[in-house]
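Visitor: How does the following fold in three dimensions:
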Amino acid sequence: MILRNWMERDPVTVTGDTLVSEAVMMVVEKNLRALPVVEDGRLRGLVTRKDLQGCATAVARAQNKHETEYFLQRLRIKDIMIRMPHTVDAGDTVEYTMLKGQQELIRNYPVMEDDKLVGMVSSLELFEALSQILGAGEVWCGITLEPQLIQSGTIKEVSSVVEDTGATLYGVFTMRLPDSDKKRIILRLETDDLGRVEKALADAGFAVLESNPAVQACVSQNGGD
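Guide: Modelled structure (predicted):
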């Protein structure tokens, strides 16, 4: 999964001289999570929705007319932006970007290609990619097998057992346990008899950790930081 196929393309940008009060309105009206700061075609910084709203909240709480005037008419993006922000490359993988974000505790990355800003990626895009992989919102069943060592032929055998019951297998995923060589095998499938599939797996030596019947997920969508 290459990042350029999952990122937000042609992101809204600001310059260092943009008023912070104007940027606050932009992120609210356009439901943005971050604004890259670009000047002369080069990325100069980054300001997040959280940073902008933090400034606005601080001024509102102070209730000082001089601070309010300064915020509305003089405070610029260059005064609060993150200079030389961490970036990722359009050719990086989604998996690498997720790991990088976890290690650096960063939720918003400008995406670069040939030293030019070509997109933005945030935890939202990465969660959307992950949800599509896992089939969130799809109507199908799920089975998770007990942790085990996976060898050549293990996934093929599991798949064959499931499909021999008449079930339609849509996806097979593995998840490594911390400090262990064992992995959980996670299955996404369609069947009219989940119990039959569980029994077939157990008879083949694959213990079931949990199973979920086909349920349509329903979530509300809200803007993030």
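
Visitor: which ones are touching the nearest residue to residue 113 once chain neighbours are set aside?
Guide: In this structure, residue 113 finds its nearest non-sequential neighbour in residue 90, 4.2 Å apart by C-beta to C-beta, 6 or more residues apart in numbering. All C-beta spots, glycine's among them, are computed from the backbone N, C-alpha and C. By C-beta atoms under 8 Å, 6 or more residues apart in numbering, the residues touching residue 90 are 2-4, 7, 111-113, 118-119.

Visitor: do residue 8 as well
Guide: Counting by C-beta under 8 Å, 6+ apart, residue 8 makes contact with 119-122, 125.

Visitor: Residue 197 now?
Guide: Counting by C-beta under 8 Å, 6+ apart, residue 197 makes contact with 141, 143, 162, 165, 167, 189, 191.

Visitor: where's the dip in pLDDT among the residues you listed?
Guide: Ranked by pLDDT, the contacts of residue 197 bottom out at residue 141 (85).

Visitor: could you measure that one against residue 175, distance?
Guide: 18 Å (C-beta to C-beta, to the nearest Å).

Visitor: Doesn't residue 172 lie inside a strand?
Guide: Yes. Assigned with DSSP: H, G, I helix; E, B strand; the rest coil, residue 172 falls within a strand.

Visitor: residues in contact with it?
Guide: Neighbour list for residue 172: 155, 158-159, 185-188 [criterion: C-beta under 8 Å, 6+ apart].

Visitor: rerun at 6 Å
Guide: Shown in contact with residue 172 (C-beta atoms under 6 Å, 6 or more residues apart in numbering): 155, 187.

Visitor: separation between it and residue 155?
Guide: From residue 172 to residue 155 the distance is 6 Å (C-beta to C-beta).

Visitor: Identify the contacts common to these two.
Guide: The contact sets of residue 172 and residue 155 do not overlap (C-beta under 6 Å, 6+ apart).

Visitor: Narrow the contacts of residue 8 to those in strands?
Guide: 119-122 (DSSP state E).

Visitor: mind listing the helices for the chain?
Guide: Listed in chain order, the helices of the chain (DSSP state H) span 20-30, 49-62, 65-73, 77-80, 94-104, 123-134, 154-164, 194-203.

Visitor: Quick check: buried residues in the fifth one?
Guide: With burial defined by 16 or more other C-beta atoms under 10 Å, the residues of helix 94-104 counted as buried are 94, 97-98, 101.

Visitor: contacting residues for the residue nearest the centre of the chain?
Guide: What sits nearest the mean C-alpha location of the chain, by C-alpha atoms, centre = their mean, is residue 126, with 2.1 Å. By C-beta under 6 Å, 6+ apart, residue 126 lies in contact with residue 98.

Visitor: Would you mind checking which of the buried residues of helix 94-104 is nearest to residue 28?
Guide: Closest approach between those and residue 28, by C-beta to C-beta: residue 101, at 24.2 Å.

Visitor: Now residue 59. Nearest residue, chain neighbours left out?
Guide: Leaving aside its chain neighbours, residue 59 sits nearest to residue 71 (4.5 Å; criterion: C-beta to C-beta, 6+ apart).

Visitor: And residue 157, how close does it get to residue 177?
Guide: Distance from residue 157 to residue 177, by C-beta to C-beta: 20 Å.

Visitor: So for these two, which residue has more residues nearby?
Guide: Set residue 157 next to residue 177 and count neighbours by other C-beta atoms under 10 Å: residue 157 wins out with 13 against 10.

Visitor: Near the residue nearest to that one when sequence neighbours are not counted, how many other residues are there?
Guide: Leaving aside its chain neighbours, residue 157 sits nearest to residue 204 (7.0 Å; criterion: C-beta to C-beta, 6+ apart). Neighbour count of residue 204, defined by other C-beta under 10 Å: 13.
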